[in-house]
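**Student:** Give me a 3D structure for the following:
(chains A, B and C)
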Amino acid sequence: MLDVFSYVKACSLVGAGLAIGLGAIGSAIGEGLTAGKANETLSYRPELAGEILKTMLVGQAVAESAAIFALVVAMLMFFTNPVGKPLLAAWAFLGSGLGMGLSAIGSGIGSGFVSATACEGIGRQPAAKSAINSLMLIGASITQSTAIYGFLVSLMLLFIGFPESADISRSFALLGAGLSTGFGGIGPGIGEGLTGSFAVTAVARNPEQVSKVTRTMLVGQAIAESTGIYALIVALLLIMVV
Amino acid sequence: MEDFSNIPQFTLRLFNFNVDFNTETIIMTWIVMGLLIVFGFLATRKVSFIPNPFQVVGELLVTAFYDLTKDALDEDMTKKYFPIICSLFMFLLLCNWLGIIPKLSEPTKDLNTPLSLGILGFLIAHYSGIKTKGFIKYAKEYCDPIFFMAPLNIIGELAKVVSISFRLYGNIMGGAIIIIVVSHLVYSLILPPFLIMFFGIFVGSIQAFVFTMLTLVYISLQVK
Amino acid sequence: MEISGPDFIKGLAFLGAGLAMGLGAIGPGVGEGFAAGKACEAVGRKPEEAGLLTRTMLVGQAVSESTGIYALVVALLLLFVV
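**Tutor:** Numbers count the residues shown, from 1 in each chain, chains lettered A, B, ... in the order given. Presented below is the predicted three-dimensional model:
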């Protein structure tokens, strides 16, 4: 017969696995895309090896942060102490793992798009490397926002206190909160990454227009993120209000 | 893993509320501020044509951030907002690097530090937006494209504070967790210095720069 | 643990709300991002038309956002009405 302790503990371990397992997908794809583009650019312009390597490493470090958030959540869940936690916490752990893991997929891939085109752009226009690099950092880090919303929801699900006994609907609500931010983070992450990568290409073609392109990119990304924010609102409603 | 659950706290009872101070973070922030004041003193004490090392570093930071600020804002705006951008970067850089020294920990590892800096940037951006555009035009931007989108637009603005501060916190906290776990697994043999190089210096610098640039970008979005 | 019928239905409605908003956010996110990216490219090519391009981008994004809003409405209905 399963007691509450082992049930919660098992769910926390499953949640930890889901968080880092799903969360590693996106960042790995994104970093691979970046490295591939960097290699392709290097084959055309081998004399720019140092510059391209630097941009590639910085871009990959930014794309990595989605996986780092997933790792933080996984570690917190792994070392959490389930003694005295109610049954509801088991569902919260599952929701937390799914929310963090799924939301990190989109952001990882999206940041990879941005840094891949940054490597390409430096090969095309080495003189504009500082403009390209700072635009890449801004674009890739805004792409990360939906993974950060997933991180926020996961931390809330981990640390919020639950009542000892609750009806079954509350537990589905917690799972739904994780799924909402998780899936909701995929689309905006990829979309904002596409925006950033087109913006970097535009700056590499026409470096004088960097401020206009940056402004268009930021406005466009802010709107592309709105559905991710709706998903965050629904998740917060599911955790707090329901 | 008791490193994470054991947070040194100092509780002050004020009227009917408990006010908790996170002593470790406060002391570390004071250390960073002290280092910055000493750096500023050494860099500007004897300004000469042949600069001393501190002056070189100071000039490097100031010119680089002056150019970055000028790209995003107008000429006269730059003079106004450049000091806060540059000092924000120096503060965050030292905060993120502080964990390299044993027994010290990064103040940015505590969510309170990034969150308060994010709220600071938010307030500055919106204050400057209201000041340059006037309140009516500022408020009208929230009703874009249709007026009933206003609550969603306001939530979108607030979400910026969440994303900017949690980005810094998550990265620094993640680096610290990885270093502790890996050091524990390999009995602190060879790997930890390399990890500290990567997470402390490389990721720390990038995230400090990203935080500063995003604050600058949010100000420039409001101003223009 | 005793599970009653209405409770179960309510729980699955909450799960459905999360899934509706989560999955519904994927499409608009990718689409709006693509639109904004193309707008950035166009601004880089023809910077003097930046105002027109931004306006067109916003209208196009508003249309592609509509499915996301439907998902939000359905999620809120599932949360508060069912």
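
**Student:** how about the helices of the chain, start to end?
**Tutor:** No chain specified, so I'll use chain A. For chain A, the helices defined by DSSP state H occupy A:4-44, A:49-78, A:88-124, A:129-143, A:145-159, A:168-205, A:210-224, A:226-236.

**Student:** ah, I was thinking of chain C
**Tutor:** C:5-24, C:26-45, C:50-80.

**Student:** which other helices and strands contact the helix or strand bottoming out on mean pLDDT in chain A?
**Tutor:** Sorted by mean pLDDT, DSSP states H and E, the helices and strands of chain A end with helix A:210-224, the least confident at a mean of 87. On a contact count with 3 or more CB pairs under 8 Å, 6 or more residues apart in numbering or on different chains; DSSP states H and E, helix A:210-224 meets helix A:129-143, helix A:168-205, helix B:53-72, helix B:204-223, helix C:26-45, helix C:50-80. All C-beta spots, glycine's among them, are computed from the backbone N, C-alpha and C.

**Student:** quick revisit: is it possible to export the helices of chain C to JSON lines including mean neighbour count?
**Tutor:** Output for the helices of chain C, formatted as JSON lines (neighbours: other CB atoms under 10 Å in any protein chain shown):
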{"stretch": "helix C:5-24", "mean neighbour count": "21"}
{"stretch": "helix C:26-45", "mean neighbour count": "25"}
{"stretch": "helix C:50-80", "mean neighbour count": "18"}
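
**Student:** Looking at the ones you listed, which is nearest to A:Val213?
**Tutor:** Proximity to A:Val213, assessed across those by CB to CB, is greatest for helix C:26-45 (5.3 Å).

**Student:** what's the distance between A:Ser197 and C:Met21?
**Tutor:** The gap separating A:Ser197 from C:Met21 is 26 Å, by CB to CB, to the nearest Å.

**Student:** for A:Asp167, what are its contacts?
**Tutor:** Residues near A:Asp167 by CB atoms under 8 Å, 6 or more residues apart in numbering or on different chains: C:4, C:7, C:10-11.

**Student:** Quick check: phi and psi at it.
**Tutor:** Dihedral pair for A:Asp167: phi -80, psi 170, per degrees, to the nearest 10.

**Student:** mind checking how far it is from C:Gly5?
**Tutor:** 12 Å.

**Student:** For A:Ala16, which of the helices of chain C is the nearest?
**Tutor:** Using CB to CB, the helices of chain C put helix C:5-24 closest to A:Ala16, at 20.5 Å.

**Student:** packing partners for that closest one?
**Tutor:** Using 3+ CB pairs under 8 Å, 6+ apart, helix C:5-24 sits against helix A:168-205, helix A:226-236, helix C:50-80.

**Student:** The closest residue in space to B:Lys70 that isn't next to it in sequence - how many residues pack around it?
**Tutor:** Counting by CB to CB, 6 or more residues apart in numbering or on different chains, B:Thr78 is the residue found nearest to B:Lys70 once chain neighbours are left out, at 4.9 Å. Close neighbours of B:Thr78, defined as other CB atoms under 10 Å in any protein chain shown, add up to 18.

**Student:** Surely B:Thr78 and B:Asp67 touch.
**Tutor:** No - counting by CB atoms under 8 Å, B:Thr78 does not reach B:Asp67; the two are 9.5 Å apart.

**Student:** Where does the prediction get shaky in chain C?
**Tutor:** C:1-2 (pLDDT under 70).

**Student:** picking that back up, with distance to A:Ala116 added, can I get the helices and strands packed on helix A:210-224 in a markdown table?
**Tutor:** As requested, the helices and strands packed on helix A:210-224 are arranged in a markdown table below (distance: least, CB to CB, whole Å):
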| stretch | distance to A:Ala116 |
| --- | --- |
| helix A:129-143 | 10 |
| helix A:168-205 | 7 |
| helix B:53-72 | 24 |
| helix B:204-223 | 17 |
| helix C:26-45 | 13 |
| helix C:50-80 | 23 |
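
**Student:** nearest to B:Leu120, of the ones you listed?
**Tutor:** Here helix B:204-223 is closest among the helices and strands packed on helix A:210-224 (CB to CB), at 8.4 Å.

**Student:** quick one on the thing from earlier: so which helix or strand takes in the residue nearest to B:Lys70?
**Tutor:** Using DSSP states H and E, B:Thr78 sits in helix B:75-97.

**Student:** which other residues reach the next helix or strand after that helix?
**Tutor:** For helix B:75-97, the following helix or strand on the C-terminal side (DSSP H and E) is helix B:112-133. With contact meaning CB under 8 Å, 6+ apart, helix B:112-133 is reached by B:22, B:25, B:29, B:81, B:84, B:88, B:92, B:95, B:107-108, B:138, B:157, B:160-162, B:164-166, B:168-169, B:211, B:214-215, B:218-219, B:221-223.

**Student:** Roughly how far does the residue in chain C positioned nearest to chain B sit from A:Ile223?
**Tutor:** Nearest to chain B, among the residues of chain C, is C:Ala62, at 5.4 Å (CB to the nearest CB). For C:Ala62, the distance to A:Ile223 (CB to CB) stands at 8 Å.

**Student:** what's the answer for C:Gln61, then?
**Tutor:** 5 Å.

**Student:** Now list whatever residues contact both of those two.
**Tutor:** C:32, C:36.
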